[in-house]
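Peer 1: return a 3D structure for these sequence lines:
(chains A and B)
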Amino acid sequence: QQQVKQSPQSLIVQKGGIPIINCAYENTAFDYFPWYQQFPGKGPALLIAIRPDVSEKKEGRFTISFNKSAKQFSLHIMDSQPGDSATYFCAASPYNNNDMRFGAGTRLTVKP
Amino acid sequence: EAGVTQFPSHSVIEKGQTVTLRCDPISGHDNLYWYRRVMGKEIKFLLHFVKESKQDESGMPNNRFLAERTGGTYSTLKVQPAELEDSGVYFCASSLGGTVPYEQYFGPGTRLTVT
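Peer 2: Next up is the predicted model:
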């Protein structure tokens, strides 16, 4: 049973566009929500993370929006660049442990 | 500082054979995790070590999988005997100890192909 559902599976945008990746979860014990970025041949790397006490977090061009009542969160990439082309994974875990549950990933392609 | 390393990077074995994957975490990281990603699917949690103890092995598929972390340093994941459905990329990650969600640092993964 997949605990974190991620969409879309793949996404193509033009340079400068704003790709949005969405995730949903069911387990109310989750209260730490990171996003990971993975380039080919590399392992996933933490990009940005949020806890449910805030509805939005920005780090540079990356923003997480969080809707606790809907149990949904999303990643927005402002002014996307070809170098942002990668696979993005959302994840969730309870705050008191690090046992992460991941989404299926979104392969993002940013065209020049 | 060296990151998480995994060996081998690729392994191709026949059904019924045995394979052992190795993970060296970042020095000083008490937590070590194993994950697996089957093509196009989610990165699935397999198990979690705190030092040398198994904290949670609820994600291990079956008793053909055996993970060890002797001495609380590197870890091995043995698959014996391997089946076709075991193919995928096996990731190891490590993080500091404690009760907060410390960042997990991932290795590059081992791509296992069972033919």
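
Peer 1: quick one: low-confidence ranges for chain A?
Peer 2: A:1, A:96-98 (pLDDT under 70).

Peer 1: let's see that with 80 instead.
Peer 2: Counting by pLDDT under 80, chain A shows low-confidence ranges at A:1-2, A:95-99.

Peer 1: where do the strands sit along it?
Peer 2: In chain A, the strands defined using DSSP state E lie at A:4-7, A:10-14, A:20-25, A:33-38, A:45-50, A:56-59, A:62-67, A:72-77, A:86-92, A:101-102, A:106-111.

Peer 1: so what are the sheet partners of the fourth one and their directions?
Peer 2: Pairing partners of strand A:33-38, with direction, according to DSSP bridges: strand A:45-50 (antiparallel), strand A:86-92 (antiparallel).

Peer 1: not counting sequence-adjacent ones, nearest residue to B:G16?
Peer 2: B:P81 (4.6 Å; Cβ to Cβ, 6 or more residues apart in numbering or on different chains). Just so you know, the C-beta spots here come from the backbone N, C-alpha and C atoms, and that holds for glycine as well.

Peer 1: same thing with B:F45?
Peer 2: B:G59 (4.3 Å).

Peer 1: repeat for B:V12
Peer 2: B:T113 (4.6 Å).

Peer 1: same check, this time on B:S94
Peer 2: B:P25 (3.3 Å).

Peer 1: just checking, that neighbour touches B:C92?
Peer 2: Yes. In terms of Cβ atoms under 8 Å, B:P25 counts as a neighbour of B:C92; the distance is 7.1 Å.

Peer 1: between the two, what contacts are shared?
Peer 2: Counting by Cβ atoms under 8 Å, 6 or more residues apart in numbering or on different chains, the residues touching both B:P25 and B:C92 are B:4, B:32, B:75.

Peer 1: if we check chain A, which of these are in contact?
Peer 2: Filtering the shared contacts of B:P25 and B:C92 for neighbours of chain A using Cβ under 8 Å from any Cβ of the partner chain leaves B:V4.

Peer 1: can I have the buried ones of the shared contacts of B:P25 and B:C92 as a PyMOL selection?
Peer 2: To isolate the buried ones among the shared contacts of B:P25 and B:C92 in PyMOL, judged by 16 or more other Cβ atoms under 10 Å in any protein chain shown, type:
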select buried, chain B and resi 4+32+75
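
Peer 1: among the shared contacts of B:P25 and B:C92, which lie within strands?
Peer 2: B:32, B:75.

Peer 1: which of the shared contacts of B:P25 and B:C92 lies closest to A:D99?
Peer 2: B:L32 (12.3 Å; Cβ to Cβ).

Peer 1: partner residues bridging the spatially closest residue to A:F62 that is not a sequence neighbour?
Peer 2: Spatial nearest neighbour of A:F62, excluding adjacent residues (Cβ to Cβ, 6+ apart): A:I48 at 5.0 Å. As for beta bridges, A:I48 partners with A:W35 under DSSP bridges.

Peer 1: surely A:I48 and A:P34 touch.
Peer 2: Yes. Using Cβ under 8 Å, A:I48 makes contact with A:P34 at a distance of 7.3 Å.

Peer 1: what does chain B put close to chain A?
Peer 2: B:4, B:31, B:33, B:35, B:37, B:40-45, B:48, B:55-56, B:91, B:93, B:95, B:99-109.

Peer 1: which of these are buried?
Peer 2: Counted by 16+ other Cβ under 10 Å, the residues of chain B next to chain A give B:4, B:31, B:33, B:35, B:37, B:42-45, B:48, B:55-56, B:91, B:93, B:95, B:101, B:104-109 as buried.

Peer 1: just give the closest residue to the residue in chain B that chain A sits nearest to, not the sequence neighbours.
Peer 2: At 3.2 Å from chain A, B:F106 is the closest residue in chain B, using Cβ to the nearest Cβ. Take B:F106 and drop its neighbours on the chain: the residue closest to it by Cβ to Cβ, 6+ apart is A:G43, 3.2 Å away.
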